[in-house]
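1. Need coordinates for the following:
(2 chains)
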Amino acid sequence: MDKKLRKILTECIRDIETGARDVDGCLERHPDRAAELRPHLELWSGLDAASMARPNFAGQQRGHQRLLAAITDLQKRGERRMIPFLTPALAKAAAVLAGVVLLAGGAAGASAALGGPDVGGQVLSTMGINHAPDAAQNGKDHANPNAFEGSDNAGQGIDNASETGREHANPNALDGPENADDHDADANDASDDGLNTANDRAADQAEDGLNTAGDAGAPDDVPPDSVP
Amino acid sequence: MNEQVASVEAATHVQPYEADLVGRAKERSPEAWTEIYNTHYAAIFRYAKARVFDETTAEDLASSVFVGALKGIDSYRYRGRPLLAWLYRIARNVVASHQREVLAPRGEELKEGLDLPRRVIWHLIRRPRRDEVQATGRDPIETISGEGDPAMMVDRLDLRDALAKLPTNQREVVILRFLVGLSAQEVAAVVGKGTAAIYSLQARAILALRERLK
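-> Predicted coordinates for the structure are as follows:
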């Protein structure tokens, strides 16, 4: 492409658009290129003079109605969005409550089975049992040794194992891992909802509950064959 | 130069007005959207018409541009550029999306029936179908001479074909300048370039169009 011609044409278009010159003025300014320049400027003028498409009034009105309908629709959706906005908060609250109840119930059940202290009461009184993954892990750590020891003791037929309490902790110890698993799952649900407070308390409680169960004297009527 | 000064002065007045309008539009004010629609519909319609060369389709697309703007207004930040520049960007996307939807199936249809080179297929799919011509009673691909009283040279120009062959930036400038009817300053503001660049792109486009007439 002829760069010189392009440059002249650019200048001419600028001059015509700004009103500094008309087509003839541009041609007079570049007499040596006038023959080449003329058809280009005529084409440019022809495009400039071309009539623009006129929008159809009915079509424009239809588009306007469509826009207004879209505004109404968005406004309605905005109102509806308020209810889903509240739902997650309610779901979180329900998850917290469910987690607390399950953890407290598990710990209380373990204690009750052993006939030990009222762990459930302690759990309920202290609350804030939300970080059960740690608690569950602690529960497992504490429960498993007791379970194995209890199993050995049961096999040996030792009746008076209440001195240490460990031997009688077998049923609880077996329940411990299950409870811990349940708590683990519950806590995962809870933590998914962002409920990560009072972690240490939960861990301590779970640990205390299981330790209490282990240390407590087990009832004499627990059959030794109940232990695997 | 006077025109540029006037343009700057006009922009100074327009900015607070448009900023306020955008603020009200964000609040889904029907009045604000009606104002935006009435102010810019013609330009958006002309742009769409220049791209698709069909009045009914252009009406639908122009309408879609404003509905799209309504849906996207929350993420739009007014920074002093004309509101039309934002609408133009939406219009470009809407037209491109439409062309993908419309042209792609027709291309597939042709490819299935004919084993033609890609360039030939694209040439064919740009032409109207015979049933479309019969239905409307006229060829939707018209020279610009069918709509007014243009210069003789433009009569000979199949504008749709010519525009399609221009590089994108030149084509957009020609459409906005001549078919939408914006001034060079307005085109510059809409496409985000300097006015000098718009003059240069016009000159390049004219040279390219002239080549096609030879």
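
2. And the pLDDT for residue 184?
-> You didn't pick a chain, so chain A it is. Per-residue pLDDT puts residue A:184 at 44.

3. think we crossed wires, I meant chain B
-> Reading off the model, residue B:184 has pLDDT 94.

4. so residue A:59 makes contact with residue B:59?
-> Yes: here residue A:59 reaches residue B:59: they are 3.7 Å apart, a contact under C-beta atoms under 8 Å. (Glycine included, C-beta is placed from N, CA and C.)

5. Spit out the residues that contact those two alike.
-> Common neighbours of residue A:59 and residue B:59 (criterion: C-beta atoms under 8 Å, 6 or more residues apart in numbering or on different chains): residue B:45.

6. For chain B, which segments are assigned as helices?
-> Taking DSSP state H as the criterion, chain B carries its helices at B:2-26, B:30-52, B:55-72, B:83-113, B:118-126, B:130-136, B:152-155, B:159-165, B:168-174, B:184-191, B:195-213.

7. related to what we said a few turns ago, have a look at residue A:59 and residue B:59 and say which one is more surrounded.
-> residue B:59 (21 against 18; other C-beta atoms under 10 Å in any protein chain shown).

8. With distance to residue A:93 added, can I get the helices of chain B in JSON lines?
-> Formatted as JSON lines, the helices of chain B follow (distance: least, C-beta to C-beta, whole Å):
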{"stretch": "helix B:2-26", "distance to residue A:93": "33"}
{"stretch": "helix B:30-52", "distance to residue A:93": "38"}
{"stretch": "helix B:55-72", "distance to residue A:93": "33"}
{"stretch": "helix B:83-113", "distance to residue A:93": "42"}
{"stretch": "helix B:118-126", "distance to residue A:93": "59"}
{"stretch": "helix B:130-136", "distance to residue A:93": "61"}
{"stretch": "helix B:152-155", "distance to residue A:93": "71"}
{"stretch": "helix B:159-165", "distance to residue A:93": "61"}
{"stretch": "helix B:168-174", "distance to residue A:93": "55"}
{"stretch": "helix B:184-191", "distance to residue A:93": "52"}
{"stretch": "helix B:195-213", "distance to residue A:93": "60"}
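
9. and the ones you listed, which one's lowest on average pLDDT?
-> helix B:118-126 (a mean of 43).

10. Ramachandran angles for the residue nearest to residue A:8 when sequence neighbours are not counted?
-> Using C-beta to C-beta, 6 or more residues apart in numbering or on different chains and skipping the chain neighbours, the partner closest in space to residue A:8 is residue A:30 (5.4 Å). With angles defined as degrees, to the nearest 10, residue A:30 sits at phi -130, psi 70.

11. So residue A:30 sits against residue A:5, correct?
-> No: under the criterion of C-beta under 8 Å, residue A:30 makes no contact with residue A:5, lying 9.4 Å away.

12. okay, and the common contacts of those two?
-> Common neighbours of residue A:30 and residue A:5 (C-beta under 8 Å, 6+ apart) are residue A:37.

13. And residue A:53, what's its pLDDT?
-> With respect to pLDDT, residue A:53 scores 86.

14. I'd say it and residue B:54 touch.
-> No: using C-beta under 8 Å, residue A:53 makes no contact with residue B:54, being 10.7 Å away.

15. any idea how far residue B:190 is from residue B:159?
-> 20 Å (C-beta to C-beta, to the nearest Å).

16. okay, now the domains of chain A?
-> What automatic domain parsing lists as the domains of chain A is A:1-35, A:89-226.

17. Lowest average pLDDT across those domains?
-> domain A:89-226 (a mean of 51).

18. okay if I get the helices of chain B as a markdown table plus distance to chain A?
-> Formatted as a markdown table, the helices of chain B follow (distance: least, C-beta to the nearest C-beta, whole Å):
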| stretch | distance to chain A |
| --- | --- |
| helix B:2-26 | 5 |
| helix B:30-52 | 4 |
| helix B:55-72 | 3 |
| helix B:83-113 | 12 |
| helix B:118-126 | 19 |
| helix B:130-136 | 14 |
| helix B:152-155 | 4 |
| helix B:159-165 | 8 |
| helix B:168-174 | 7 |
| helix B:184-191 | 5 |
| helix B:195-213 | 4 |
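
19. Out of these, the one nearest residue A:71 is which?
-> Set against residue A:71 and scored by C-beta to C-beta, the helices of chain B come closest in helix B:30-52, at 5.4 Å.

20. Let me know the angle separating that closest one from helix B:184-191.
-> Interaxial angle, helix B:30-52 versus helix B:184-191 (axes from the mean of the first three to the mean of the last three C-alpha atoms, to 10 degrees): 100 degrees.

21. just to revisit the earlier point, more neighbours: residue A:53 and residue B:54, which one.
-> The neighbour comparison of residue A:53 against residue B:54 (other C-beta under 10 Å) goes to residue A:53, with 22 against 18.

22. burial count for the nearest residue to that one once chain neighbours are set aside?
-> Sequence neighbours aside, residue B:49 is the residue nearest to residue A:53 in space, at 4.5 Å (criterion: C-beta to C-beta, 6+ apart). Residue B:49: 24 surrounding residues under other C-beta under 10 Å.

23. How about residue B:165?
-> Neighbour number of residue B:165 under other C-beta under 10 Å is 13.

24. Kindly provide the distance from the closest residue to it other than its chain neighbours to residue B:61.
-> Distances taken as C-beta to C-beta, 6+ apart place residue B:212 nearest to residue B:165, at 7.0 Å, with adjacent residues excluded. With distances taken as C-beta to C-beta, residue B:212 is found 26 Å from residue B:61.

25. Equivalent analysis for residue B:185, please.
-> 26 Å.

26. Kindly report the same for residue B:30.
-> Taken as C-beta to C-beta, the span from residue B:30 to residue B:61 is 22 Å.

27. So for those two, which sits in the more crowded spot?
-> Ranked by neighbour count (other C-beta under 10 Å), residue B:30 and residue B:61 place residue B:61 first, with 24 against 15.

28. Identify the residue nearest that one in space, chain neighbours excluded?
-> residue B:48 (4.2 Å).

29. Do I have it right that the one you found meets residue B:91?
-> Yes: taking contacts as C-beta under 8 Å, residue B:48 lies within contact range of residue B:91: 6.3 Å.

30. shared neighbours, those two?
-> B:61-62, B:65.

31. ok, so of those residues, who is nearest residue A:65?
-> Nearest member of those to residue A:65, counting by C-beta to C-beta, is residue B:62, at 13.4 Å.

32. Thanks again, I'm all set now.
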